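Asks: here are the coordinates; sequence isn't available:
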Ligand code: NAI
C-alpha cells in the first residue's frame, strides 16, 4: 500500500523525548514515509520547566531510531521557540539538508507559574507561558513558511481542550491555547490561496510527563494520590480513560495528509468525549 506522506519533509517541534506527544507524531509521520526533523530544546534546556525536556542525546537517538525503523531521512536540531536566533539557526540547518518543508507540527508547549489564579499569577511566568505556547507557534511558522509556500504545505498546531474550556489556576496556558486556535484560523484563511492548509488539534487528557505533573500538583492540593486524581479525571471522560500520545499522532497524520485535503482552519477535539462542543 502506498504511504500517505512519501517524499514529504516534516518538522515537529517539542519532539525530542520519547514520552511526549511530539515523539509519537514524529514516528507516525515517518511510518507514513515522511522525512522528519526532531526539533527540541536540547542544549537550550530551560531550568524553569516543571517537566523534563528533550535533551541532546535523546534527540539524536530518536532521529537515528526513526531513520532506521522507517527508512526515511531524519535530523535532530536544537530549538527554543521563544528565541528568534535559535529559530533562524534551525531554519538554516534544515535548509542545508532539505529543499522544502511540507509539514510543520507546532507541538512544543509548556506552562509556568501554576497553580495560580489570574490575580496572583507571577507576571513573568504568565508572559513566558504565552511566549512558548502562542508566540512560539507564530515565530516558527513565520520562519518556516518561506520553505513551504512554493510547494504548498500543511501546518498542524497542538492547541488544547484548555483553549476552549477555562483551565482554572492555569490561566496563561488556557489563554495561549485559545490564541493558538484563533491563530490557526487566521493563518488558514490567509494561506489558503498559497495552497497551505492550517489546522489545530485539541487534546484533552493525554498520558505524558505534562499530564503526570498536573496530577501530581492536584494530588498535593487535594491531599490525595496521583492514582486517585487520575481515577477522578477518568469519571469525567465518556470513554473512561486517559488518551495515549499515539492516538493524538494518528489525528495529526490524518490532518497532514491529502485525506484531509478539504479541511483547513479547524480545531479538532481529541478528548475521549470529555469535550463535545466545537
Ligand atoms: P511534554 O512536556 O511532555 O513535552 C513538551 C515538549 O516541548 C518537550 O519535549 C519540551 O522540551 C518541548 N519544549 C518546551 N518548551 C520549549 C521551547 N521553548 N522550545 C522548544 N521546545 C520546547 O508535553 P506533551 O504532553 O507531550 O505536550 C505536547 C503538546 O501537547 C504541548 O503543546 C501541550 O501543551 C499539548 N497538550 C498536551 C496535553 C496532555 O494532556 N499531555 C493536553 C493538551 C495539549
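Replies: Yes, it's here. Remember, it's a predicted structure, so these values are computed and weren't measured experimentally. Residues are numbered from 1 along each chain as shown.

Asks: who touches the residue of the stretch 1-150 of the chain found nearest the ligand in this structure?
Replies: The ligand sits closest to residue 109 of the stretch 1-150 of the chain, with a gap of 2.2 Å, by C-beta to the nearest ligand atom. C-betas here are computed from N, CA, C, even on glycine. Residues in contact with residue 109, defined by C-beta atoms under 8 Å, 6 or more residues apart in numbering, are 14, 132, 133, 158, 160, 210.

Asks: now swap in residue 101 and tell me
Replies: 9, 10, 11, 37, 94, 144, 147, 148, 153.

Asks: likewise residue 94?
Replies: With contact set as C-beta under 8 Å, 6+ apart, residue 94 has these partners: 11, 37, 75, 77, 101, 144, 147.

Asks: Of the contacts of residue 109, which belong to helices?
Replies: residue 210 (DSSP state H).

Asks: Give me the subset of the contacts of residue 109 lying in strands.
Replies: The members of the contacts of residue 109 that map onto strands under DSSP state E are residue 158.

Asks: ok, and which of the contacts of residue 109 reach the ligand?
Replies: Restricting the contacts of residue 109 to those near the ligand by C-beta under 6 Å from any ligand atom leaves 14, 132, 158, 160, 210.

Asks: and the closest residue to residue 258 other than its chain neighbours, how far is that from residue 252?
Replies: Among residues not flanking residue 258 along the chain, residue 4 sits closest, at 7.3 Å (C-beta to C-beta, 6 or more residues apart in numbering). Plainly put, residue 4 is 12 Å away from residue 252 if you go by C-beta to C-beta, to the nearest Å.

Asks: More neighbours: those two, which one.
Replies: Using other C-beta atoms under 10 Å as the criterion, residue 4 and residue 252 rank with residue 252 on top: 29 against 18.
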